[in-house]
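Participant: Predicted model follows, preceded by the sequence.
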Amino acid sequence: MDILSTSLLHADEVAQLGDLLISDESLWLDGRLTAGEFAAKVKSNKQLNPSSKECEKATQIVSSRLKAHPLIKSFSLVRRVHSILFSRSEVGDGYGWHVDNPFAKLGRRDLSFTLFLTEPSSYCGGELEVQNMQGSDSYKLAAGEVLIYPSTALHCVREITSGVRLVCVGWIESYVPSHEDRLLLFNLDAGAKGLLARHGRSAELDLIYQAYANAVRRLAG
């Protein structure tokens, strides 16, 4: 599994974030201000002023949910969640093919995430496309669902043709830098948890958990 999608926020939490994001129109800035030189040429959207109290409160909500989510913790081996942005795209907006910079001021970018905050039926276009070995996969998730993918992947956001798309994007620095190593550990953790749920504790399972813990120690960067 190279990409993880899962539910992150309940409907009331999505509504709470929505209220914060629409509270003051003047808080929205040109999204190109946070893009690199190359990416800025293909980016068209608005982003919530990161220094505003609304952005700070919304960031705390998203960051705490990501860090506490068991599946995300297993998949990402989260060291820190950082550089969170809230993006609004309207008709004509989009973001062409680009790759995220490997580092930000607050940490390394191992994994990128997009948390969808508007229902897919409320806007047309706006699909997030992520490169794969033979092309790309397209994603347009329900409000409150998050997509996590390697920051090494080329990706884009298709042009909005109607409605408004609200998302939260950000990055995860993992304890384990290598995506291949994280997948190995994720599968090992999932298998061990499945055995525990089916058969309970055992001496053999203790050995698997020991191997997992020591593999994390060896592979951590």
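Facilitator: Perfect, thanks for sending it.

Participant: Please name every helix or strand in contact with the helix or strand bottoming out on mean pLDDT in the chain.
Facilitator: Sorting the helices and strands of the chain by mean pLDDT, DSSP states H and E puts strand 43-44 at the bottom, at a mean of 88. Where contact means 3 or more Cβ pairs under 8 Å, 6 or more residues apart in numbering; DSSP states H and E, strand 43-44 is packed against strand 94-98. C-beta: built from backbone N, CA, C; applies to glycine.

Participant: make it 10 Å
Facilitator: strand 94-98, strand 155-157 (3 or more Cβ pairs under 10 Å, 6 or more residues apart in numbering; DSSP states H and E).

Participant: Out of those strands, the one nearest Gly36 is which?
Facilitator: Taking Cβ to Cβ, strand 94-98 is the member of the helices and strands packed on strand 43-44 nearest to Gly36, at 8.1 Å.

Participant: what does the helix or strand just after the closest one contact?
Facilitator: Toward the C-terminus, strand 94-98 is succeeded by strand 103-104 as the next helix or strand (DSSP states H and E). The contact list for strand 103-104 (Cβ atoms under 10 Å, 6 or more residues apart in numbering) reads Thr34, His82, Ser83, Arg109, Gly170, Trp171, Glu173.

Participant: can I get the residues you listed in TSV with neighbour count, secondary structure and pLDDT?
Facilitator: Formatted as TSV, those follow (neighbours: other Cβ atoms under 10 Å; DSSP: H, G, I helix; E, B strand; the rest coil; pLDDT from 0 to 100):
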residue	neighbour count	secondary structure	pLDDT
Thr34	17	helix	77
His82	17	strand	98
Ser83	22	strand	96
Arg109	22	coil	97
Gly170	23	strand	98
Trp171	23	strand	98
Glu173	23	strand	98
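
Participant: picking that back up, nearest to Gly191 among the helices and strands packed on strand 43-44 would be which one?
Facilitator: For Gly191, the closest of these is strand 155-157, at 29.4 Å, according to Cβ to Cβ.

Participant: Can you give me the domain boundaries for the chain?
Facilitator: Taking automatic domain parsing as the domain assignment, the record places the domains of the chain at 4-174, 179-219.

Participant: Out of these, which one sits most buried?
Facilitator: domain 4-174 (a mean of 17; mean count of other Cβ atoms under 10 Å).

Participant: Which parts of this structure are helices?
Facilitator: Applying DSSP state H to the chain gives helices spanning 11-21, 53-68, 70-76, 179-199, 203-219.

Participant: closest one to Val99 among those helices?
Facilitator: Proximity to Val99 (Cβ to Cβ) singles out helix 179-199 among the helices of the chain, at 13.7 Å.

Participant: rewinding a little: next, format the contacts of strand 103-104 as TSV and append distance to Ala58.
Facilitator: Output for those, formatted as TSV (distance: Cβ to Cβ, whole Å):
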residue	distance to Ala58
Thr34	16
His82	15
Ser83	14
Arg109	20
Gly170	11
Trp171	16
Glu173	20
